[in-house]
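J.: Attaching a predicted model along with its sequence, questions to come.
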Amino acid sequence: MENETLTITDHRTGKSYTLPFFKGCIRTMDLRQIKVSDDDFGVMGYDPAFMNTASCQSAITFIDGDRGILRYRGYPIDQLAEKCSYLEVCYLILHGELPNADQLKAWEAEVTRHSMVQEDVKKLLEGFQKDAHPMGTLMSLVAALSTYYPDAKNIHDPACRKLQILRLLAKTPTLAAYVYRHSLGLPYVAPDHTLTYAENFMNMLWKLVADPGWKPNKVLARALDVLFILHADHEQNCSTNTMRSVGSSQADPFSSVAAAIAALSGPLHGGANEEVLKMLDEIGTVENIPGFIEQVKAGKGKLMGFGHRVYKNYDPRAKIIKQTADAVFAVTGRNPKLEIAIELEKIALSDEYFIKRKLYPNVDFYSGIIYQAMGFKPDIFTVLFAIGRMVGWLAQWEEMLNDKEQKIARPRQIYTGYGERPVPK
């Protein structure tokens, strides 16, 4: 159709080129035909940080940042958080449809069956200092698992891929709990197959030998399940892009996930909720908020937990977390930082400076406060993010492998260095 094309005129040569639209986009390889001479390489797109570049097609997650919409496989995130368990959402993200009762029961049993880790992994943990950051330790352990499961290299075998997906979904909470207990010098707690995914994780974290009757609080376990759901996938973010990029070399999934964990560990990505707590500590009291706001507006500070690359509206996940907070605080007591956060949000959302810039609370603004109230130390917040995001990484990785258009990731560059010059004697 004529209206499904774009005409570009190159004023260097006076030539015009008609390029077809592909699903509302222009294939940048079509730009290569635009040349000033036969030996010209052709026009490339220049897009630092992929601000306006679609690197893949995906059927997993839909985001409309202007309207504050997030859906997994077409289902609104608020409905999934209200009605589903995390493992139900995992099944949805991986298989494309929600499971029926029998499918869910079989799926839960499959994941649970793979939650144990080899005893040698515990020996690996002993090589890390107790004050090592949990994300660095988790990343190292996940990478090490690739040597325990050499079959993981058979990435073109669907049955083998499914096995690695089950292993990573099941073992990541176990590894995370062991990392946490190692930091405290506590003995490790084996997975309990009678508990739900979130309850089992909490049990491995906090159960003490001196209190064999301890049971995870179901309200807190449900809150943790919701937080995992909210973090399950989020389109082509930094760590997901890393998972796809490393996976495009046909590396095994354990190595690719380790790279994704490395990307997630940065304060601009997974570590943002920890930065929010630091900011709230810096503010100190509600009375100090106006002064802090003025500092931010003067460029002398950052308002952490506000704004998002994609969302130009209220992050839908932040609304759900805010609701989840009430249930958590009914059990744990109210986190003092919450009063500061609520007032900070109120002031920021009524200030023209932030309204004009569309700076709304994102998922990180309240999640750290909830995690802290539940008993998690700030340095493990990003590990919790990694547990929830694991299914998204794996689904995106498998989707990439099945996409015939995908090749090994290899962006171009604009060279800005010297031209040819001789080496002096």
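T.: Structure's in. What do you need?
J.: What's the per-residue pLDDT of R309 here?
T.: Each residue has a pLDDT score; the one for R309 is 66.
J.: Low-confidence bits of the stretch 101-250 of the chain, can you list those?
T.: Scanning the stretch 101-250 of the chain for pLDDT under 70 picks out 209-210.
J.: quick one, what contacts V36?
T.: With contacts defined as Cβ atoms under 8 Å, 6 or more residues apart in numbering, V36 is in contact with 10, 12-13. Using the backbone N, CA and C atoms, a C-beta is placed for each residue, glycine as well.
J.: ok, the residues you listed vs G271, which is closest?
T.: The shortest separation between G271 and any of those is 44.6 Å, and it belongs to D10 (by Cβ to Cβ).
J.: what number of residues lie near the closest one?
T.: Burial measure for D10: 13 neighbouring residues, criterion other Cβ atoms under 10 Å.
J.: cool, and R317?
T.: The tally of other residues near R317 (other Cβ under 10 Å) stands at 28.
J.: doesn't I229 make contact with it?
T.: No - taking contact to mean Cβ atoms under 8 Å, the distance of 9.2 Å between R317 and I229 leaves them out of contact.
J.: Name the residues contacting each of these two.
T.: I77.
J.: Do you know the pLDDT at Y314?
T.: Looking at Y314, its pLDDT is 69.
J.: All further residue positions should be reported with the first residue as 51.
T.: Understood, numbering begins at 51; the last thing we discussed is Y364.
J.: How is this structure partitioned into domains?
T.: 52-96, 149-315+438-451, 322-424 (automatic domain parsing).
J.: what would the contacts of V86 look like in CSV with secondary structure, distance to M450 and pLDDT?
T.: CSV is the format used below for the contacts of V86 (DSSP: H, G, I helix; E, B strand; the rest coil; distance: Cβ to Cβ, whole Å; pLDDT from 0 to 100):
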residue, secondary structure, distance to M450, pLDDT
D60, strand, 34, 95
R62, coil, 37, 95
T63, coil, 37, 95
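J.: Report the separation between the two terminal residues of stretch 448-456.
T.: Across stretch 448-456, the terminal residues are separated by 12 Å (Cα to Cα, to the nearest Å).
J.: Stretch 230-247 now?
T.: Stretch 230-247 has its terminal residues 17 Å apart, counting by Cα to Cα.
J.: buried stuff in it?
T.: For stretch 230-247, burial by neighbour count (16 or more other Cβ atoms under 10 Å) applies to 230-233, 238-239, 241-242, 245-247.
J.: Same check on stretch 80-87?
T.: Residues of stretch 80-87 classed as buried by neighbour count (16+ other Cβ under 10 Å): 80-81, 84-85.
J.: same question, stretch 379-390
T.: 379, 382, 385, 387-388, 390.
J.: Pull out the CA atoms of that stretch and give them to me as CSV.
T.: What follows is stretch 379-390 as a C-alpha-only set of coordinates in CSV (Å, rounded to 0.1, in the frame of the first residue of the first chain):
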residue,chain,number,x,y,z
PHE,A,379,2.6,-3.3,57.5
ALA,A,380,-0.4,-4.8,59.2
VAL,A,381,1.9,-7.7,60.0
THR,A,382,5.3,-6.0,60.5
GLY,A,383,4.3,-2.6,61.8
ARG,A,384,4.6,0.6,59.9
ASN,A,385,8.0,1.3,58.5
PRO,A,386,9.0,4.9,59.6
LYS,A,387,10.3,5.6,56.1
LEU,A,388,6.8,5.2,54.7
GLU,A,389,5.6,8.5,56.2
ILE,A,390,8.5,10.3,54.4
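J.: Just the helices from the stretch 351-475 of the chain, written as ranges.
T.: All helices of the stretch 351-475 of the chain, identified by DSSP state H, counting those that start in this stretch, fall at 366-382, 386-400, 402-406, 413-424, 431-451.
J.: helices and strands around the last one, which ones?
T.: Read that as helix 431-451. In terms of contacts (3 or more Cβ pairs under 8 Å, 6 or more residues apart in numbering; DSSP states H and E), helix 431-451 is packed against helix 136-145, helix 184-198, helix 208-234, helix 268-280, helix 288-297, helix 303-314, helix 322-333, helix 413-424.
J.: which one of these lies closest to A348?
T.: Closest to A348 of the helices and strands packed on helix 431-451 is helix 322-333 (Cβ to Cβ; 15.5 Å).
J.: Could you pull out the buried residues of the closest one?
T.: Buried residues in helix 322-333, counting neighbours by 16+ other Cβ under 10 Å, are found at 322-327, 329-330, 333.
J.: Among those, which one lies nearest to G355?
T.: When the buried residues of helix 322-333 are compared for distance to G355, the smallest value, 4.1 Å, is given by V326; criterion: Cβ to Cβ.
J.: gap between the nearest residue to the closest one once chain neighbours are set aside and L327?
T.: Closest residue to V326 in three dimensions, ignoring its sequence neighbours and counting by Cβ to Cβ, 6 or more residues apart in numbering: G355, at 4.1 Å. G355 sits 9 Å away from L327, going by Cβ to Cβ, to the nearest Å.
J.: what residues are up against N385?
T.: 379, 419-420, 422-423.
J.: now, which of these sits nearest T466?
T.: Sorting those by how near they are to T466, with Cβ to Cβ, puts I419 at the top with 44.2 Å.
J.: what's the distance between that closest one and E325?
T.: Distance, I419 to E325, by Cβ to Cβ: 13 Å.
J.: C-alpha coordinates for the strand or helix carrying E344, PDB please?
T.: Take DSSP states H and E as the rule and E344 turns out to sit in helix 339-347. As requested, C-alpha coordinates have been extracted for helix 339-347 and formatted as PDB (Å, rounded to 0.1, in the frame of the first residue of the first chain):
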ATOM      1  CA  ILE A 339      11.200  17.200  52.500                       C
ATOM      2  CA  PRO A 340      10.600  20.800  51.100                       C
ATOM      3  CA  GLY A 341      14.300  21.600  51.400                       C
ATOM      4  CA  PHE A 342      15.300  18.400  49.700                       C
ATOM      5  CA  ILE A 343      12.800  19.100  46.900                       C
ATOM      6  CA  GLU A 344      14.400  22.500  46.300                       C
ATOM      7  CA  GLN A 345      17.900  20.900  46.300                       C
ATOM      8  CA  VAL A 346      16.700  18.400  43.600                       C
ATOM      9  CA  LYS A 347      15.200  21.300  41.500                       C
END
